[in-house]
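K.L.:
Let's see this in three dimensions:
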Amino acid sequence: MVESAPISLHHICIKPANPNLLAEMKKNYPETCHDVMEGEVDLFCSPVSKMFASINGLALEYEQKLTAVGCDFDEYCRILSMSDGARRFIQDKLTAATLVYFTFGAEYHQYLTDDVAVLSKLSIPLLMVIAFQPRFDTSYLQ
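P.N.:
Below you'll find the predicted structure:
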């Protein structure tokens, strides 16, 4: 089984370990099997350069969707606050997994890294979280 984004982030990026933070992340982002959306399948079947261009567009779309359900963002696309309705929206299994990856990164941005030496140790879900963060330079990932 693949490690979830919260568990991978906690194991590799948060030093020293913080069990309270892990419990908070697992509560906010429970392991829910989200439905796979057609656009997500297309995203993963695209050439890498097109995939990263698509991710930037999706990140903007997701910020707008989350704003509509009660999230406030700063100018760097990081979450400042989240309503209970927005929290329910991201925990709903019908919400796209990629939107959840984007949201997790926007909420726990301070713990993410773009250190190439660390990236190879991260789970696929956490790599998707990082890929959806617009503040990271993704040119070297292509």
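
K.L.:
CA only for contacts and neighbour counts going forward, please
P.N.:
Will do.

K.L.:
how many other residues sit next to the closest residue to residue 30 other than its chain neighbours?
P.N.:
Spatially, and ignoring its direct neighbours in sequence, residue 30 is nearest to residue 91 (7.1 Å; Cα to Cα, 6 or more residues apart in numbering). By other Cα atoms under 10 Å, the residues close to residue 91 number 21.

K.L.:
what do you get for residue 55?
P.N.:
Around residue 55 there are 19 residues (other Cα under 10 Å).

K.L.:
my guess is it contacts residue 132, does it?
P.N.:
Yes: contact criterion Cα atoms under 8 Å: residue 55 and residue 132 qualify, at 6.2 Å.

K.L.:
By mean pLDDT, flag the weakest helix or strand of the protein.
P.N.:
Least confident helix or strand of the chain, by mean pLDDT, DSSP states H and E, is helix 38-44 with a mean of 76.

K.L.:
residues making contact with that one?
P.N.:
With Cα atoms under 8 Å, 6 or more residues apart in numbering as the test, helix 38-44 has contacts from 51, 54, 98.

K.L.:
So for the helix or strand following it, mean pLDDT?
P.N.:
Moving toward the C-terminus from helix 38-44, the next helix or strand (DSSP states H and E) is helix 48-68. The average pLDDT within helix 48-68 is 88.

K.L.:
what about this protein, any weak spots by pLDDT?
P.N.:
1-2, 35, 135-142 (pLDDT under 70).
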